[in-house]
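This is a predicted model, with the sequence first.
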Amino acid sequence: MAIPGFLSASAPSGPLLSAHGRSAMAGGVRQPGLRNSHDRVVHGIGSAIVAGAFAQGGTLPSEELLLERFAVSRTVLREAFKTLAAKGLVVARTRVGMRVCPRQQWNLFDADVLAWHVGEGVESRLREELADFRLAMEPAAAALAARHATPAQIAQMCGLIAAMGEPGLSRLDFARADLALHKLIGQASGNRLMAGTEAVIETALFAAFTLSSPVDDAAEHQASLRGHAAIVEAIAARDGVAAAEAVCGVIRHGQQRIDAVEQREGEIRNHEG
């Protein structure tokens with residue numbers, strides 16, 4: 001019995017990123033650290049669940065089949081099941097085995113689960129949810145940063161703005177600087193929960209920033225640069241209201257660019273079809 005989707009070339013794929021987004025997956029996104037057999041099993045099963053290889057509400061293959069597939073001990077396999085259960089992906093059922101949980105129970109604040117989602121492509125619903133989440137959190141973080149940022153942190157922010165404005169910048173380099181700036185604002189807020197949340201969603205942020213990168217259009221690049229610079233200028237001026245407003249503008253503008261990319265790719269697919 002074959003196990004569909006297990007790290008194979010024929011693994012089912014969800015909605016995909018653009019070519020630029022796919023290159024981002026190879027170029028700068030967090031990859032699970034497969035340090036040992038336990039990690040290898042967790043990644044193999046977890047990524048397959050997220051990819052849709054196992055139906056929600058269905059059961060995983062038998063322990064015997066999984067033991068053969070991963071060549072690990074029963075102890076390692078069962079410890080991996082516990083880890084997957086803690087991530088909200090599976091639940092043990094007596095005389096049934098390990099059942100795959102409904103998607104709404106999956107813990108998207110788990111860095112691995114989020115990374116597996118991004119590995120399958122940043123689908124439109126996740127992009128919209130990410131934008132909504134950022135609009136709820138990042139303006140408050142920027143307002144706090146306007147109160148708490150140190151001179152050294154503000155200088156770092158200015159350096160990142162300069163890096164984002166360099167001519168000939170690649171999409172990946174822009175996305176890296178963009179991500180570093182938003183993470184730094186979270187750290188400068190002085191709120192450990194806000195800073196920690198930015199770190200957790202880093203994988204999805206990087207994918208979204210790469211997809212929405214404006215460097216291929218000079219006017220868009222300058223508009224994005226002005227928007228980000230406005231955030232830093234407001235923080236440096238200790239104007240929390242202006243910093244929050246500037247962040248909202250940057251997030252909405254980025255989402256508009258992603259929507260435009262998605263529309264163009266849809267038109268290309270329809271034309272080719």
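Received the coordinates, thanks.

The closest residue to V100 other than its chain neighbours: neighbouring residues, count only.
In space, and not counting its chain neighbours, V100 is closest to F54: 5.0 Å by CB to CB, 6 or more residues apart in numbering. C-betas here are computed from N, CA, C, even on glycine. Counted with other CB atoms under 10 Å, the neighbours of F54 add up to 23.

And V91, which helix or strand is it part of?
strand 90-93 (DSSP states H and E).

Need the contact partners of that strand.
Taking contacts as CB atoms under 8 Å, 6 or more residues apart in numbering, the residues outside strand 90-93 that touch it are 45, 49, 59-60, 81, 84-85, 98-101.

how about a cut-off of 10 Å?
With CB atoms under 10 Å, 6 or more residues apart in numbering as the test, strand 90-93 has contacts from 45-46, 49, 54, 59-60, 78, 80-85, 97-101, 105-106.

rewinding a little: verify the assumption that the residue nearest to V100 is located in a strand.
No. Counting by DSSP: H, G, I helix; E, B strand; the rest coil, F54 is not found in a strand; it is coil.

Distance check, it against L65.
According to CB to CB, to the nearest Å, F54 stands 12 Å off from L65.

Could you confirm A142 falls within a strand?
No. Counting by three-state DSSP, A142 is not found in a strand; it is helix.

My guess is it contacts E198. True?
No. Checked against CB atoms under 10 Å, the pair A142 and E198 is beyond contact range at 11.7 Å.

more crowded one of those two?
Legend: neighbour count by other CB under 10 Å for A142 and E198, higher for A142 (30 against 22).

What about the closest residue to the more buried one other than its chain neighbours, how many residues nearby?
In space, and not counting its chain neighbours, A142 is closest to A243: 4.0 Å by CB to CB, 6+ apart. Counted with other CB under 10 Å, residues neighbouring A243 total 30.

what does A177 give?
Neighbourhood size, A177 [other CB under 10 Å]: 21.

and it, that one's in a helix?
Yes. The assignment for A177, made by three-state DSSP, places it in a helix.

Would you confirm that it contacts R171?
No. Counting by CB under 10 Å, A177 stays clear of R171, with 11.1 Å between them.

And the pLDDT for the residue sitting furthest away from the middle of the chain?
Residue farthest from the centre of the chain, counting by CA atoms, centre = their mean, is R95 at 36.4 Å. You'll see R95 listed with a pLDDT of 84.

and if you look at I185?
Listed pLDDT for I185 reads 97.

before we move on, what SS does it have?
Secondary structure assignment for I185 (three-state DSSP): helix.

how many neighbours does it have?
27.

Helix or strand: which one has the residue nearest to it when sequence neighbours are not counted?
The shortest distance from I185 to any non-neighbouring residue, by CB to CB, 6+ apart, is to A145 (5.1 Å). Counting by DSSP H and E, the element that carries A145 is helix 124-148.

Downstream of that helix, the next helix or strand is which one?
The helix or strand immediately downstream of helix 124-148 is helix 151-164, counting by DSSP H and E.

still on that earlier bit, can you pull the phi/psi pair for the residue nearest to V100?
Here is the backbone geometry of F54 (degrees, to the nearest 10): phi -120, psi 130.

With R78 instead?
According to degrees, to the nearest 10, R78 has phi -70, psi -30.

Weed out the non-buried ones from the contacts of strand 90-93.
Buried by 16 or more other CB atoms under 10 Å: 45-46, 49, 54, 60, 80-81, 83-84, 98-101, 106, out of the contacts of strand 90-93.

Correct me if wrong: M194 contacts Q187.
Yes. At 8.7 Å, M194 and Q187 qualify as touching, with contact defined as CB under 10 Å.

D112 versus the nearest residue to L89 once chain neighbours are set aside, what's the distance?
Counting by CB to CB, 6+ apart, L89 lies nearest to I49, which is 5.2 Å off, once chain neighbours are set aside. For I49, the distance to D112 (CB to CB) stands at 11 Å.
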